[in-house]
Structure formats: structure tokens, C-alpha cells
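Enquirer: next one to model:
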Amino acid sequence: QVQLVESGGGLAQVGDSLRLSCAASGGTFTRYTMGWFRQAPGAEREFVAGITKTTGVTRYADSVRGRFTISKDNGKNTVYLQVNSLKPDDTAVYYCAARNLPWISFDNKGYEYWGQGTQVTVSS
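Expert: Residues are numbered from 1 along each chain as shown. Next up is the predicted model:
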């Protein structure tokens, strides 16, 4: 069973960039398709980005496409989310998730494993 630990969140200004990391342990990293989700206060958890385990195909939510980039380093068992041009609406807890199936799910119910989340706050 894989364990996921996110890091890299914090307080940012509008237009700033952050790089979120998700380190995986306890499992074979290349077995998992990875996703990033976020949850703002009072809102449901929403899909942000995903990357498949074999081909590295990526998918993004419309709200972040062109500003966020998901990538992974299999040698470091880590998936990243580069977040650029931050907006106040990006304020949320960002979660890393993993699933065994080879395609990306846009539904949080499609992921078996979750990290504890990292807070991103964007101040104007």
C-alpha cells in the first residue's frame, strides 16, 4: 500500500509560482496513475491534474490548464505540480492521490490512496 506525503504549499501573492511535491513510499511508484485534487473551504474536492503511470499522458482541469503542470520523477518516487500565475481562486488544500488503474479519473472516488494535503493560500 502506497503512502503519499505532500509538501510545498504556503502563502503566495497573486501571480506567484509554487511547486508542490508528493513523495510516495511503501509501494512501487510506477504502478500508480497519479492525480492532484484541491478543496477550497465549503467546496467539494475537485480534480486539478493527472498523469498516467505508463505513458505519462497528462490531463488538466480547464481552470488550471496553461498555468499548472504535472510531472513525475520515477527515480525519486515523486509527482510534482508546478503552479504558476496564481490567483485567489487557487486557494485550497491540495491533495495528491494514486490509483491502480492506468487511466486518469476526474472523480476523486476513482483514487484509492490519498495524502494529507498541503495548504495553498493566494493573497491579493
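
Enquirer: can you report how many residues neighbour R67?
Expert: Number of residues near R67 (other CB atoms under 10 Å) recorded here: 15. (Glycine included, C-beta is placed from N, CA and C.)

Enquirer: one more: Y80?
Expert: Neighbours of Y80 under the rule other CB under 10 Å: 20.

Enquirer: T54 too?
Expert: So T54, with other CB under 10 Å, has 10 neighbours.

Enquirer: what's the distance between it and S21?
Expert: Taking CB to CB, to the nearest Å as the measure, T54 falls 22 Å from S21.

Enquirer: same check on I51?
Expert: 14 Å.

Enquirer: shared neighbours, those two?
Expert: Both I51 and S21 are contacted by V79, under the criterion CB atoms under 8 Å, 6 or more residues apart in numbering.

Enquirer: neighbour count winner among the two?
Expert: I51 (22 against 17).

Enquirer: wait, that one sits on V79?
Expert: Yes. If you go by CB atoms under 8 Å, I51 and V79 touch, sitting 6.7 Å apart.

Enquirer: so what sits against both of these two?
Expert: The contact lists of I51 and V79 share 34, 70-72, where a contact means CB under 8 Å, 6+ apart.

Enquirer: which residues does the residue nearest to the spatial centre of the chain bridge with?
Expert: By CA atoms, centre = their mean, the mean C-alpha position of the chain lies nearest to W36, the distance being 2.3 Å. Counting by DSSP bridges, W36 is bridged to A49, C96.
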